[in-house]
Structure formats: structure tokens, C-alpha cells
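Q: One predicted model, sequence on top.
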Amino acid sequence: MMQDPCDSVAAPDAVRPQLCPLRAALAAPRSVESYDDFCRVALSLFRFIGAAYATGTSDCWEAAYRFADEAPGVADSPLLVARAAALVRILRSGRPCELCFMPPSCRRLSKDETELMRLLAAARRKQPGELESAVCQFVGNENEIATTRAVNALAFC
């Protein structure tokens, strides 16, 4: 069986073998629908920005701005795109490998996207210790301060 290159997390309707309770909790499938509107908008922006870095085309950046302009409840779409891009840029600079993003229309989340959504959710809950712990697990100590600031800036844009 071939492993997904991004090691994505399947949509909830996928059948999974029985795991011990702890592993089952950690391996819980995530889909785009399990997040609030703001997080879904941020995820789409991450995906457009990831595609821009992967392809080098400006069309992906334009798509990110257009998507943010059309998203309901977004007051300052250019700022939202800039903050999402800043977070992606910070994360890219401190990693030995590229971040993995699924296509914008995909319902599944890669492991990197799942972690980004976990960071954003922690910041939006305004639990500083929770966010710092999640950031440390995801990026280590190298970019911890910059990543925490970028996640907070995005979460309250």
C-alpha cells in the first residue's frame, strides 16, 4: 500500500482499525468541516499560499486575495492574507522539509495543516500556555517566539 506523500489525515467517514484509546484520540481524523468559519478561511489561505510557494506562480497569490475578499466576515482581507503568509514564511524558514498543503478544495488535512489548525484554535481560545506548548511541539525552540506572535496576529485579525 502506498503512503500519501503528505501523510494526510482522512475524512471522518474513512474506516480505521481499532487503536488503543490514547492512540485513537491522537489519530482522530480531522476534516475541514470540523472547524469554524475563520479557521476554514485561514486553511484555504494557507493552501493558496503553499501552492504559490510550490509553483512559483502569482495566480495562487491572486487566488488567496480574491478568496479573502469574498469570505464573509473578513474586514481587512489584505491584512489577513499577509498574516497567513507571514506565518507560513516563518514556519518554512525553520524546517528541514517543506510544509505539506492539500489542494484548496480538499476536505482532508495533511499533518502540517492539522497542526496549523491546532495552533490557530489554541490562539483563538486565548490559552497562552496551550498555544506555547503546541507551538513548541510543532516547531521546537528555534522559531517559537516568532511563530507564537504570528499565530496570535492571525488568530485576531
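A: Thanks, I have the structure now. Treat the numbers as computed from the prediction; the structure is a model and nothing was measured.

Q: Give me the buried positions along the longest helix along the chain.
A: As assigned by DSSP state H, the longest helix anywhere in the chain is helix 37-55. Going by neighbour count (16 or more other C-beta atoms under 10 Å), the buried part of helix 37-55 is 38-39, 41-53. The way it works is simple: take the backbone N, C-alpha and C, and place the C-beta from them, glycine included.

Q: after the helix or strand harbouring L120 comes which helix or strand?
A: Taking DSSP states H and E as the criterion, the element that holds L120 is helix 111-124. Using DSSP H and E, the helix or strand that directly follows helix 111-124 along the chain is helix 128-139.

Q: That next one packs against which elements?
A: On a contact count with 3 or more C-beta pairs under 8 Å, 6 or more residues apart in numbering; DSSP states H and E, helix 128-139 meets helix 111-124, helix 144-155.

Q: I'd like the distance from that helix to the chain centre, please.
A: Relative to the chain's own centre, helix 128-139 is displaced by 14 Å; criterion: C-alpha atoms, centre = their mean, to the nearest Å.

Q: Contacts for it, please.
A: 91, 94-95, 115, 118-119, 122-123, 144, 147-148, 151-152 (C-beta atoms under 8 Å, 6 or more residues apart in numbering).

Q: 10 Å instead, please
A: Residues outside helix 128-139 that contact it (C-beta atoms under 10 Å, 6 or more residues apart in numbering) are 90-91, 94-95, 112, 115-116, 118-125, 127, 141, 143-152, 155.

Q: residues of it that come out buried?
A: Buried, per 16+ other C-beta under 10 Å, within helix 128-139: 131, 134-135, 138-139.

Q: now the residues you listed in TSV, with pLDDT and distance to E70?
A: As requested, these are arranged in TSV below (pLDDT from 0 to 100; distance: C-beta to C-beta, whole Å):
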residue	pLDDT	distance to E70
L131	91	29
A134	90	30
V135	91	30
F138	87	30
V139	87	31
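
Q: Looking at these, spot the one nearest P103.
A: F138 (22.2 Å; C-beta to C-beta).

Q: ok, that closest one to T147 distance?
A: Using C-beta to C-beta, to the nearest Å, one gets 8 Å for the distance from F138 to T147.

Q: Would you mind listing the residues touching both of the two?
A: 91, 94, 119.

Q: Skip the chain neighbours and tell me the closest residue to the last one.
A: Counting by C-beta to C-beta, 6 or more residues apart in numbering, L119 lies nearest to V151, which is 4.8 Å off, once chain neighbours are set aside.
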